[in-house]
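1. The amino acid sequence is not available; the structure is as follows:
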Ligand SMILES: Nc1ncnc2c1ncn2[C@@H]1O[C@H](COP(=O)(O)OP(=O)(O)OP(=O)(O)O)[C@@H](O)[C@H]1O
């Protein structure tokens, strides 16, 4: 089992500290979402893990070894950092074949990942004719080529169509279920919520959270109850009588904050209020993330310089 270990990692570009004393471990068997606003340091951290940049101090290792010393690294770590990295005048297949050859991987494996990522029909076309989504799939194919234990993807959903987004979700879940270590950065909160088990959140190069996704949401967004009725006046009166605060929305739903579904259901049926719909509103990753960024004063008060 191979983890990504980041220990007191710092990277400065001139006077700008892109990564600031980061320490975390990305563990196998789950998908870890890597979040943070633009410029928070996610890509820099990934580049440091891949040995594409040298840390100012601290270490980033994979299975206890730095990427630079890995023999045939694609067999250990697969990464998508920049989907435009492939040579435009090569075909998708040739691009993967060159990568495969440098890591003693077979041409058969190239054909497998072309199939797996859905670009086999375009494999003999030049990369410069690929759409953004196809380039993205080619980048993911390259990441999977060596059947690696560790997969790091920077914004993999970028440019994918709805089917592609569903596909990547299933792929990430499967890679984690196979016991791999999967780190995925994204700005799409709904997307991240659909595939991540765990979250690492950065702000201005620092670690803001390293926690299971459910805990991250529950700690910041208290659940509420959503209810729809044909008698809003009776609903409000019954809830207020029991000390609840009920808010009506434009879509005809009411929200009862800090309440349990069963308690609200019992109370309303006891009061003879007609209930058309009743459900738990658990709070979303987006709400929790925005709550975190709003409460991190230093992080919110010092916007990124241009
Ligand atoms: N090669 C570089 N030279 C100078 N500054 C850099 C370099 N690479 C990154 N930076 C700076 O480091 C900071 C972190 O950037 P990084 O790309 O890691 O953030 P990010 O979280 O990946 O952002 P995004 O979500 O926009 O991709 C930014 O301020 C960026 O301008």
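-> Sure, I can see it. Just so it is clear, the model here is predicted, and its values are computed rather than measured. Numbers count the residues shown, from 1 in each chain.

2. Over to stretch 14-34 now: how far is its first residue from its last?
-> 25 Å (Cα to Cα, to the nearest Å).

3. Can we start the residue count at 442 from this point?
-> Yep, numbering from 442; the last one is stretch 455-475 now.

4. Distance from it to the middle of the chain?
-> 13 Å (Cα atoms, centre = their mean, to the nearest Å).

5. Sort out which residues of that stretch are buried, please.
-> For stretch 455-475, a neighbour-count test (16 or more other Cβ atoms under 10 Å) marks 458-461, 463, 465, 467-469, 471-475 as buried. C-beta coordinates here come from the backbone N, C-alpha and C atoms, glycine included.

6. for the residue nearest the centre of the chain, helix, strand, or coil?
-> Centroid check for the chain by Cα atoms, centre = their mean gives residue 474 as the closest residue, at 3.3 Å. Three-state call for residue 474 (DSSP: H, G, I helix; E, B strand; the rest coil): strand.

7. how is this protein carved up into domains?
-> 445-517+589-659, 665-722 (automatic domain parsing).

8. Please work out which of those domains is packed deepest.
-> domain 445-517+589-659 (a mean of 19; mean count of other Cβ atoms under 10 Å).

9. For stretch 691-708, give the mean pLDDT please.
-> In this model, stretch 691-708 has an average pLDDT of 92.

10. contacting residues around that stretch?
-> 663-670, 673, 676-677, 679-680, 683, 685-690, 716, 718-722 (Cβ atoms under 8 Å, 6 or more residues apart in numbering).

11. which helices and strands does the helix or strand harbouring residue 608 pack with?
-> Assigned by DSSP states H and E, residue 608 belongs to helix 603-618. Here helix 603-618 touches strand 471-476, helix 573-585, strand 622-626, helix 630-636, going by 3 or more Cβ pairs under 8 Å, 6 or more residues apart in numbering; DSSP states H and E.

12. switch the cut-off to 10 Å
-> Packing partners of helix 603-618 (3 or more Cβ pairs under 10 Å, 6 or more residues apart in numbering; DSSP states H and E): strand 471-476, helix 573-585, strand 591-595, strand 622-626, helix 630-636.

13. from the chain's centre, how far out does the second one sit?
-> When you say that, I think you mean helix 573-585. 17 Å.

14. Can you check what angle separates that helix from helix 603-618?
-> 10 degrees (axes from the mean of the first three to the mean of the last three Cα atoms, to 10 degrees).

15. Looking at residue 739 now. What's its pLDDT?
-> 52.

16. Mind picking out the helix or strand in this structure with the poorest mean pLDDT?
-> helix 738-742 (a mean of 49; mean pLDDT, DSSP states H and E).

17. And the residue nearest to residue 485 when sequence neighbours are not counted, how far from residue 735?
-> Excluding the flanking residues, the one nearest residue 485 by Cβ to Cβ, 6 or more residues apart in numbering is residue 459, at 4.4 Å. The spacing between residue 459 and residue 735, counted by Cβ to Cβ, to the nearest Å, is 23 Å.

18. Save the helices and strands packed on helix 603-618 as TSV, and put in distance to residue 535 and mean pLDDT too.
-> Listed next are those as TSV, based on distance: least, Cβ to Cβ, whole Å; pLDDT from 0 to 100:
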stretch	distance to residue 535	mean pLDDT
strand 471-476	31	98
helix 573-585	11	94
strand 591-595	23	97
strand 622-626	27	98
helix 630-636	31	94
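
19. about what we covered before: looks to me like the residue nearest to residue 485 is in a strand.
-> Yes - assessed with three-state DSSP, residue 459 lies in a strand.

20. so it makes contact with residue 487?
-> No - using Cβ atoms under 10 Å, residue 459 is not in contact with residue 487, being 11.7 Å away.

21. I'd like the domains of the chain laid out as a markdown table, including distance to residue 525.
-> Converted to a markdown table, the domains of the chain look like this (distance: least, Cβ to Cβ, whole Å):
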| stretch | distance to residue 525 |
| --- | --- |
| domain 445-517+589-659 | 11 |
| domain 665-722 | 40 |
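
22. The ligand is nearest to which of those?
-> Comparison of those against the ligand by Cβ to the nearest ligand atom identifies domain 445-517+589-659 as nearest, at 3.1 Å.

23. strands paired with the helix or strand residue 447 falls within, and their directions?
-> Per DSSP H and E: residue 447 is located in strand 445-454. On the basis of DSSP bridges, the sheet neighbours of strand 445-454 come out as strand 457-467 (antiparallel), strand 498-503 (antiparallel).
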